[in-house]
Each structure stands twice: as C-alpha cells, then as structure tokens.
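# Model the structure of this input:
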Amino acid sequence: MQNYLKGALAALTLSLGLTAAPATAESWAPEGPIKMIIAFNAGGGADTHARLVAEDLQTTMGWDVIPEQITGKGGLNALVALRDMPADGTAIALVVTESLGYNARAAKSAGITPTDFTPLTTTAGFQMGIIAKADRGWTTFGDVLGAAKAGEDIRFGVMSPKLADLAYVIGAANDVAFNIIEVKGGRATLDGVIAGDMDVSFVAGAQGKAVASGALVNLASAMSEPLKQTPDAPLLAAYNVPFNANGHFAFVAPKGLPEAARTALSEAIAKATASGKASGMIKKAFGGNVNIMGADLQSLLERDYDAAGALMEAAQ
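Have a look, this model is predicted:
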C-alpha cells in the first residue's frame with residue numbers, strides 16, 4: 001500500500017505539471033561558521049572592506065563569519081589554503097583577479113588556474129592610476145616620458161610582478177628605460193611618491209584624497225577606461241601600450257560549491273557592498289561597488305589568465 005501511494009502521488013505530481021522545488025538562495029544557510037580568508041595585510045582598504053562585508057553578513061543573514069588573514073605571494077597562499085577546504089559554503093576567500101590571472105600563471109609550481117575555484121562575486125574595481133607629486137609640474141604621463149628622453153632617471157614604483165612587467169612594456173613602447181622599484185602594497189608606492197623616493201608609481205585608488213587636495217596628480221589611467229576621479233587623464237593606449245592594469249577584488253570558494261550556496265553567498269556579499277557597512281568605504285576608496293558574478297566572473301578570470309601570458313611574453 002505504501003509503494004502504491006508513493007506511485008500515485010508521483011503520478012499526480014506529473015499530471016499537474018509539478019516538480020520538486022529547487023533549492024533557493026533564501027533557503028540556503030551554511031552548516032557552520034564561514035571562514036573568510038583575506039589575502040591582504042591587516043589595516044588596508046582590501047582588509048577593511050572584507051571585514052565590513054563579514055559584519056554585514058552576520059547582521060543581515062545571521063551567518064557566523066570568521067575573518068582570517070592568509071597573505072603572501074600575491075594571493076596565492078590564500079588560494080592554496082582555500083583549495084583544500086570543504087566546498088560547502090563554509091570557506092571563502094577575498095583575493096584580486098590578478099591572483100588568479102598573472103600571479104597564478106607566473107607561479108607554475110602552485111598549479112592554480114581559475115577553474116580550480118568557484119567564483120562568487122567581485123566587490124569593487126581598481127582605480128589604478130599612474131601618479132606623481134603635483135609639484136613636479138607634470139600634468140600627463142607624456143611629460144614623464146619627455147623627462148626620461150631628456151636623460152632624467154625616472155624611478156617607477158610598482159607593487160606586483162605584473163605591474164613591473166607593465167612598467168617595463170610602457171617604457172619599451174616609448175623608447176625609454178625606467179628605474180623600476182618593486183615594493184609590497186599600494187600604500188608603499190603611494191608613500192614612496194609622497195616621500196620623494198619614487199618619481200611616479202601605480203596606485204589603485206588610495207591616491208584619491210591626495211589628488212583631491214592637489215598634492216598628487218593622476219598622470220594616466222592604467223585601466224582600459226578613464227579614472228572616475230580624473231576622467232581626462234589619458235589611457236595607456238595613448239602611449240602605444242596594448243595592455244592595462246584592470247582588476248577587481250573578488251570572493252571565490254572551493255571548486256564544486258553547490259549552486260544554492262553560490263547564489264546565496266554571491267547575492268549576500270553583493271548586497272553588503274551596495275548598501276551595507278562596506279558600501280561607503282568602497283565608494284570612497286574604490287569609486288563604488290562593482291558586482292560581477294557567476295559565469296561572467298568565470299569568463300573574466302579566464303580572460304585575465306590568458307592575457308597574462310601575452311604580457312609576460314611582451315616583457316621578455
């Protein structure tokens with residue numbers, strides 16, 4: 001009789017065109033605390049906005065989120081740690097797209113590719129500019145190139161191997177050789193210019209306050225689009241450079257994360273960046289939230305991985 005009732009119920013369900021209700025973002029909740037790995041040093045803009053997202057997830061969703069710093073190797077240490085964690089929504093990491101692009105491609109020993117993870121969402125894009133002190137009198141990057149061609153030793157600050165390659169390619173495309181100085185973190189390049197230890201440097205948004213005050217100037221946008229703060233700053237394409245420093249902060253999870261968990265985490269994080277505690281800080285530091293999710297984010301990561309190979313080849 002029990003089997004007959006099960007069969008009759010199934011037949012009735014089919015005859016009415018009903019199916020089992022799929023899992024939804026609203027119905028998903030983690031089975032335990034969520035470990036949020038942060039691939040950046042404590043106290044910086046990336047770390048701060050990650051922790052504000054964690055606070056918002058706890059407040060709005062009731063999830064227990066535990067931030068943990070795992071820094072080093074341009075985000076690769078965080079990704080290596082995340083890769084072996086459970087794919088059940090209890091482990092996520094904030095990295096930059098460069099971590100899964102240039103850095104992953106360069107560090108072949110790590111064996112990391114974008115397909116080893118489940119992309120969730122970006123939180124913000126870089127506002128990567130090339131900056132200098134205003135009292136140098138330079139108004140665009142063309143002035144820097146002119147000074148270099150006149151024989152001035154231009155100290156160019158960078159904070160990653162990708163940007164070191166890009167600085168080299170910029171010089172090569174314009175028949176100059178920069179004195180490239182690699183330091184750790186965008187704050188270090190900003191401080192280097194302010195202190196006079198560097199003539200120009202890449203900075204990914206932290207220059208905003210000093211540019212607004214007139215102490216610094218954005219000489220060029222290092223992205224494929226204009227800077228929001230100074231839209232008149234030329235693009236690198238104006239200097240015969242086919243590459244850029246586009247990038248985003250992005251949350252990822254281990255490979256194989258169920259779709260309901262992926263949707264719930266992505267939507268909750270995106271909401272926090274748009275209207276939660278993190279939103280104001282993101283707008284001030286990075287020009288506003290940018291949320292690229294799912295298949296679109298997967299495609300972005302794979303494109304960045306491929307483009308990294310072309311930049312490396314050009315820098316040879």
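# contacts and neighbour counts: CA atoms only from here.
OK.
# quick one: residue 57 and residue 270 touch, right?
No - with the criterion set as C-alpha atoms under 8 Å, residue 57 and residue 270 do not qualify as a contacting pair; they are 10.3 Å apart.
# Looking at these two, which has the bigger crowd around it?
Between residue 57 and residue 270, counting by other C-alpha atoms under 10 Å, residue 270 is the more crowded of the two (24 against 21).
# quick one: average pLDDT of whatever helix or strand the more buried one lives in?
For residue 270, the enclosing helix or strand under DSSP states H and E is helix 259-275. In this model, helix 259-275 has a mean pLDDT of 96.
# do you know how far residue 73 is from residue 79?
For residue 73, the distance to residue 79 (C-alpha to C-alpha, to the nearest Å) stands at 10 Å.
# okay, those two: which has more neighbours?
When neighbours are counted by other C-alpha under 10 Å, residue 79 comes out ahead of the other of residue 73 and residue 79, with 30 against 14.
# Show me what the closest residue to the more buried one other than its chain neighbours bridges to in the sheet.
Among residues not flanking residue 79 along the chain, residue 93 sits closest, at 7.4 Å (C-alpha to C-alpha, 6 or more residues apart in numbering). On the basis of DSSP bridges, residue 93 takes part in beta bridges with residue 37, residue 252.
# that older thread, give me the next element, helix or strand, following the helix holding residue 270.
Once the chain leaves helix 259-275, the next helix or strand it forms, by DSSP H and E, is helix 277-286.
# Tell me which other helices or strands that following helix touches.
Using 3 or more C-alpha pairs under 8 Å, 6 or more residues apart in numbering; DSSP states H and E, the elements in contact with helix 277-286 are helix 45-61, strand 117-125, helix 259-275.
# neighbours of the nearest residue to residue 61 once chain neighbours are set aside, just the number please.
Beyond its immediate neighbours in the sequence, the residue positioned closest to residue 61 (C-alpha to C-alpha, 6+ apart) is residue 268, lying 7.7 Å away. If you count neighbours by other C-alpha under 10 Å, residue 268 ends up with 19.
# what's the spacing between residue 268 and residue 52?
In this structure, residue 268 and residue 52 are 13 Å apart, going by C-alpha to C-alpha.
# Overlap of the contact sets of these two?
Common neighbours of residue 268 and residue 52 are not found (criterion: C-alpha atoms under 8 Å, 6 or more residues apart in numbering).
# pLDDT below threshold where in the stretch 1-150 of the chain?
In the predicted model, the stretch 1-150 of the chain carries pLDDT under 70 at residues 1-26, 109-110.
# Now do the strands in it.
Shown for the stretch 1-150 of the chain, the strands assigned by DSSP state E, counting those that start in this stretch span residues 34-38, 65-69, 91-96, 117-125, 129-133.
# Take those strands and lay them out in TSV including mean neighbour count.
Formatted as TSV, the strands of the stretch 1-150 of the chain follow (neighbours: other C-alpha atoms under 10 Å):
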stretch	mean neighbour count
strand 34-38	23
strand 65-69	18
strand 91-96	27
strand 117-125	27
strand 129-133	28
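# Now tabulate those strands in JSON lines and tack on distance to residue 215.
Conversion of the strands of the stretch 1-150 of the chain to JSON lines gives the following (distance: least, C-alpha to C-alpha, whole Å):
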{"stretch": "strand 34-38", "distance to residue 215": "31"}
{"stretch": "strand 65-69", "distance to residue 215": "33"}
{"stretch": "strand 91-96", "distance to residue 215": "28"}
{"stretch": "strand 117-125", "distance to residue 215": "24"}
{"stretch": "strand 129-133", "distance to residue 215": "6"}
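# and of these, who's closest to residue 256?
With C-alpha to C-alpha, the closest approach to residue 256 among these belongs to strand 117-125: 6.7 Å.
# Determine how far the closest one lies from the middle of the whole chain.
Relative to its parent chain, strand 117-125 has a centroid offset of 8 Å by C-alpha atoms, centre = their mean, to the nearest Å.
# packing partners for it?
Counting contacts by 3+ C-alpha pairs under 8 Å, 6+ apart, the secondary-structure elements packed against strand 117-125 are strand 248-254, helix 259-275, helix 277-286, helix 294-315.
# What are the boundaries of the helices in the stretch 101-250 of the chain?
Under the criterion DSSP state H, counting those that start in this stretch, the stretch 101-250 of the chain contains helices at 104-106, 141-149, 161-173, 186-195, 208-213.
# Which residues does the third one contact?
Under the criterion C-alpha under 8 Å, 6+ apart, residues 102-103, 156, 158, 177-178, 180, 182, 202, 236, 239-241, 243-245, 311-312, 314-315 lie in contact with helix 161-173.
# so of those residues, which ones are in strands?
Among those, the members falling in strands (DSSP state E) are 156, 158, 180, 182, 202.
# Of these, just say which sits nearest to residue 219.
residue 202 (10.1 Å).
# hang on, that closest one packs against residue 155?
No - with contact defined as C-alpha under 8 Å, residue 202 does not reach residue 155; the gap is 11.5 Å.
# So those two - more neighbours on which side?
Under the neighbour definition other C-alpha under 10 Å, residue 202 and residue 155 were set side by side, and residue 202 has more, 29 against 20.
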